[in-house]
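>>> Take this sequence and fold it.
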Amino acid sequence: MKLVIAEKPSVAMSIAKVLGANSRKDGYVEGNNYIVSWCIGHLIRMSSPESYDGRYKRWNIADLPIFPDNYQYEVSKYTKKQYSILKNLLTDKRVVEVINACDAARGAKRS
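The predicted model follows:
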């Protein structure tokens, strides 16, 4: 099966319709040798400063700028369920190909 990951549920549903994937599951749609799922905003975000050191819980101009040796990331509590679904789909033995159907133009310079 091919796993298609869209940027949001509405786009995933449009893609699924075109691909003939019409069996609705929890967090994805499946059918016609495709699994179509989606992100919800930013699934993972950079950890807050206090995750690096408790002293950063209260801002102090003397601590700025903060440049950690290794950046830390965390799953947002609002996207935890969909993150887990995508993680499971990405490791599903049935999946032989992953297609990124997210918005590639975001942040790109346009002329």
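>>> So what's the gap between the lowest-mean-pLDDT helix or strand in the chain and the chain middle?
None of the helices or strands of the chain scores lower by mean pLDDT, DSSP states H and E than strand 44-46, at a mean of 92. What separates the centre of strand 44-46 from the centre of its chain is 10 Å, taken as C-alpha atoms, centre = their mean, to the nearest Å.
>>> Would you mind stating the distance between the residue most central in space within the chain and W59?
The residue lying closest to the centre of the chain (C-alpha atoms, centre = their mean) is L43, at 4.0 Å. Applying C-beta to C-beta, to the nearest Å, the value for L43 to W59 is 27 Å. For the C-beta atoms, the positions are set from N, CA and C on the backbone; glycine is no exception.
>>> repeat for I40
Counting by C-beta to C-beta, the gap from I40 to W59 is 29 Å.
>>> picking up where we left off before, listing partners with orientation, what would you give for the least confident helix or strand of the chain?
Strand 44-46 has the following sheet partners, assigned by DSSP bridges: strand 73-75 (antiparallel).
>>> Please point out which parts of the helix or strand just after the partner strand sit buried.
Toward the C-terminal end, the helix or strand that comes next after strand 73-75 (DSSP states H and E) is helix 80-90. Buried residues in helix 80-90, counted by 16 or more other C-beta atoms under 10 Å: 82-83, 85-86, 89.
>>> my guess is Y83 meets V75, correct?
Yes: between Y83 and V75 there is a contact under C-beta atoms under 8 Å: 4.9 Å.
>>> Mutual contacts of these two, please.
Both Y83 and V75 are in contact with 43-44, where contact means C-beta atoms under 8 Å, 6 or more residues apart in numbering.
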